[in-house]
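Novice: Here is a sequence with its predicted model. Questions after.
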Amino acid sequence: MIPNVLTIAGTDPSGGAGIQADLKAFSANGTYGMAVTTALVAQTTTGVSSVREIPADFVADQLRTLFDDVRVDAIKIGMLSDAEIIRTVAGVLSEYSAREIVLDPVMVAKSGDRLLAADAVRALRDELVPRVDLITPNLPEAADLLGVSEPTDTEGMAAQAERLAELGVERVLLKGGHLGGESSVDVLRTTSGVELLAHERVVTKNDHGTGCTLSAATAALRARGRDWPTAVREAKDYLTGALRAADLLDVGQGHGPVHHFYRWWPGETTPHG
Ligand SMILES: Nc1ncnc2c1ncn2[C@@H]1O[C@H](COP(=O)(O)OP(=O)(O)O)[C@@H](O)[C@H]1O
Ligand SMILES: Cc1ncc(COP(=O)(O)O)c(N)n1
């Protein structure tokens with residue numbers, strides 16, 4: 001049976017980030033995608049022009065309606081916009097004992113526009129982080145969650161990943177895309193230790209939605225039965241492929257999206273048999 005995977009996130013009409021990217025990553029990784037919207041974002045490859053939040057009680061209504069009908073095998077959480085939506089999502093997830101959750105603590109878009117109210121970081125840290133299985137902050141988000149400055153090398157990243165785990169979450173993928181350099185190095189902290197995931201840095205201007213893609217692909221692969229570290233490693237491979245294929249696209253004038261294409265994993269039959 002094909003697993004059902006849910007994203008709880010904001011939108012991107014240009015299809016490169018947020019819910020639209022997550023649904024593509026879910027399909028491309030062999031799962032059935034579903035989405036609960038937290039905010040409508042007027043954005044494209046060049047940036048965000050405005051945001052309309054969905055009222056928190058309606059976010060709750062979307063979630064309860066879905067959970068009452070559909071089995072959800074894994075969840076990816078992205079943009080939550082404000083503290084009230086964070087508390088509401090955390091509350092409904094507890095109500096339904098939801099499990100297998102990846103939290104991408106989205107705070108600021110690549111364009112520099114805020115996607116999470118500055119006063120909501122504490123709610124995210126205290127009420128949602130301890131409720132999930134994996135968090136995937138980038139360097140500025142990790143620094144914000146810890147109230148410290150950004151690390152400048154992989155040793156500093158490993159130390160911050162440990163400190164993030166102390167917030168009450170077993171697994172941390174600290175993404176190093178912002179560090180620059182020839183390879184793109186992420187740090188994965190699990191209960192079995194710290195591992196560096198180094199990949200070639202793909203030279204392309206089409207890097208909109210890389211974080212969304214990585215967390216969504218991880219949730220999909222977890223729903224397909226991978227253990228957490230394998231789900232993360234394979235999702236990172238998937239993202240690198242999607243970045244390599246990004247120059248096939250001609251979408252917008254700014255940071256274009258990555259290209260999602262169906263991924264067949266060696267040694268597996270396709271989900272279609
Ligand atoms: N040009 C690139 N080539 C390869 N991997 C990249 C590139 N840019 C970003 N990544 C990877 O994409 C993921 C998300 O990147 P990052 O920029 O750190 O986070 P975010 O998109 O949340 O700001 C990370 O795994 C990072 O290593
Ligand atoms: C709705 C929404 N969610 C997340 C992002 C972050 O995108 P990126 O991965 O490019 O930083 C975004 N731009 N819009």
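Specialist: That came through fine. Given the structure is predicted, the values throughout are model-derived calculations rather than measurements. Ligands and ions are numbered 1, 2, ... in the order given.
Novice: Give me the neighbour count for the closest residue to Pro257 other than its chain neighbours.
Specialist: Once its chain neighbours are removed from consideration, Pro257 has its nearest residue in Gly16; the separation is 3.0 Å (CB to CB, 6 or more residues apart in numbering). The C-beta positions use only the backbone N, C-alpha and C, and glycine is treated the same way. Other residues near Gly16 come to 29 when the count uses other CB atoms under 10 Å.
Novice: same deal with the one 4 residues further on?
Specialist: When neighbours are defined as other CB under 10 Å, Gln20 has 21 of them.
Novice: how close does it sit to ligand 2?
Specialist: Between Gln20 and ligand 2 the distance, using CB to the nearest ligand atom, to the nearest Å, works out to 8 Å.
Novice: residues making contact with the helix or strand containing that residue?
Specialist: Taking DSSP states H and E as the definition, Gln20 sits inside helix 18-28. Helix 18-28 is contacted from outside by 5, 7, 9-15, 32-33, 35, 37, 41, 76, 78-79, 209, 212-213, 215-217, 219-220, 238, 242, 257-258, 260-263, using CB atoms under 8 Å, 6 or more residues apart in numbering.
Novice: can you tell me if that helix touches ligand 1.
Specialist: No - in this structure, helix 18-28 remains apart from ligand 1 according to CB under 6 Å from any ligand atom; the gap is never smaller than 10.5 Å.
Novice: Could you tell me how far that helix lies from the centre of the chain?
Specialist: 10 Å (CA atoms, centre = their mean, to the nearest Å).
Novice: ok, back up a step: among the contacts of helix 18-28, name the ones in helices.
Specialist: Assigned to helices by DSSP state H, the following of the contacts of helix 18-28 qualify: 212-213, 215-217, 219-220, 238, 242.
Novice: filter those down to the ones near ligand 2?
Specialist: Applying CB under 6 Å from any ligand atom to these, those adjacent to ligand 2 are Cys212.
Novice: Sort out which one of the ones in helices among the contacts of helix 18-28 lies nearest Ala143 for me.
Specialist: When those are compared for distance to Ala143 (CB to CB), Ser215 wins out at 18.5 Å.
Novice: dump the residue contacts of that closest one.
Specialist: 22, 76, 78, 102-104, 136, 235.
Novice: List just the nearest of these to Val251.
Specialist: Top of the list for closeness to Val251, among the contacts of Ser215 and by CB to CB, is Asp22 at 16.9 Å.
Novice: Can you tell me which of the ones in helices among the contacts of helix 18-28 is nearest Met157?
Specialist: Taking CB to CB as the measure, Met157 lies nearest Ser215 of these, at 17.5 Å.
Novice: Please name the nearest non-neighbouring residue to that closest one.
Specialist: Nearest in space to Ser215, with sequence neighbours left out and distances taken as CB to CB, 6+ apart, is Asp104 at 3.9 Å.
Novice: and what of Gln253?
Specialist: The spatially closest residue to Gln253, leaving aside those adjacent along the chain, is Thr46, at 6.0 Å (CB to CB, 6+ apart).
Novice: Pull the number of nearby residues for the one you found.
Specialist: Here the count is done by other CB under 10 Å, and Thr46 has 13 residues near it.
Novice: Next: Thr218.
Specialist: With neighbours defined by other CB under 10 Å, the count for Thr218 comes to 32.
Novice: Likewise for the one 3 residues further on?
Specialist: Burial of Leu221 is recorded as 29 neighbouring residues (other CB under 10 Å).
Novice: can you pull the contacts of the residue of the stretch 151-273 of the chain found nearest ligand 2?
Specialist: For the stretch 151-273 of the chain, the residue positioned closest to ligand 2 under CB to the nearest ligand atom is Gly211, at a distance of 3.5 Å. Gly211 makes contact with 104, 106, 136, 138, 175, 177 under the criterion CB under 8 Å, 6+ apart.
Novice: Quick check, pLDDT for Thr269.
Specialist: What the model reports as pLDDT for Thr269 is 64.
Novice: Just the pLDDT for Leu124.
Specialist: The model's pLDDT for Leu124 equals 98.
Novice: Nothing else from me, thank you.
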